[in-house]
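Participant: What follows is a predicted structure for the sequence shown.
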Amino acid sequence: MFLYGFHPIREALRHRPQEVVRVLVSAARVGARRQEIEEACARHRVALEVVAERELSAIAGRAHNGFAAEVRPSAAADRAGGDPELVVLLEDVQDPRNLGALLRVCEGAGVGAVILRDRGSAPIAATVAKTSAGAAEWLPIERVPNSAIEIERRKKDGFWVYGTDPAGDAPWDVDLTGKVVLCFGGEEKGLRARTRQLCDRTIGLPMRGRVDSLNIATAAAAILYEAVRQRRKLRE
């Protein structure tokens, strides 16, 4: 697998340098970011190759920003570090940029794990990693074949499961402390019907302007940070 872009590669070198096979840098790329990557490669004894811009584009496309890295897959267990009682389930998020943005929000909010419904979801590939600005390197991400089975399993472990829906209750009117799974649906149809049925309650954001919805990552950020606020207040 190849990562591309400065942030994903820097995070891979910080978090799992033993899994970085080699780093490619465009000969046209100069400045502090190139120096930082070169120093990290030297520190961790990772092979670094300076290549022509066209060669890098052939591997990573035009959005590489001068950097690409060949990496081995990382075990999710090595990434744990967030709140294990705050879990996000994502269904049918098909746009890799949306998925990357969602992962960035989840990592920033300290989510303990992200569960992806395997079918219908964008793969965790280079575009997702780049859009997540390195967050995909730090999050435990689990792909599951069936959301309903996973939700039922989490409920048996004592989790409350909340789905998102425009007509749902405002997040500040819902208790988001304790063991919580927040379910976010895809760009086109939202949550699947069976997933919605299994949720204990639905959460929505009241829209007070003239647009009737928010981008999925923006909506997720608002809800997740309300959960963070409540959980922090409980500890004070």
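Facilitator: Arrived safely, thanks for sending. Quick caveat: nothing in here was measured; it's all calculated off a predicted structure.
Participant: longest helix in the chain, by residue count?
Facilitator: For the chain, the helix that runs over the most residues, judged by DSSP state H, is helix 216-235.
Participant: what residues does the host helix or strand of residue 23 touch?
Facilitator: Per DSSP states H and E, residue 23 falls inside strand 20-26. Contact with strand 20-26 is made by 9, 12-13, 34, 37-38, 41, 44, 46-53, 55-56, 59, 64, 66-72, as judged by C-beta atoms under 8 Å, 6 or more residues apart in numbering. All C-beta atoms are positioned from the backbone trio N, CA, C, and that covers glycine.
Participant: Kindly report the domain assignment for the protein.
Facilitator: Residue ranges of the domains in the chain are recorded as 2-71, 76-235, according to automatic domain parsing.
Participant: Compile those into JSON lines and extend it with columns for mean neighbour count and mean pLDDT.
Facilitator: Written out in JSON lines, the entries for the domains of the chain read as follows (neighbours: other C-beta atoms under 10 Å; pLDDT from 0 to 100):
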{"stretch": "domain 2-71", "mean neighbour count": "17", "mean pLDDT": "85"}
{"stretch": "domain 76-235", "mean neighbour count": "18", "mean pLDDT": "88"}
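Participant: how about residue 190, what does it touch?
Facilitator: Residues near residue 190 by C-beta under 8 Å, 6+ apart: 164-165.
Participant: try 7 Å this time
Facilitator: residue 165 (C-beta atoms under 7 Å, 6 or more residues apart in numbering).
Participant: Beta-bridge partners for it, please?
Facilitator: Residue 190 has these beta-bridge partners by DSSP bridges: residue 186.
Participant: Could you check how far it is from residue 103?
Facilitator: Using C-beta to C-beta, to the nearest Å, one obtains 19 Å as the distance from residue 190 to residue 103.
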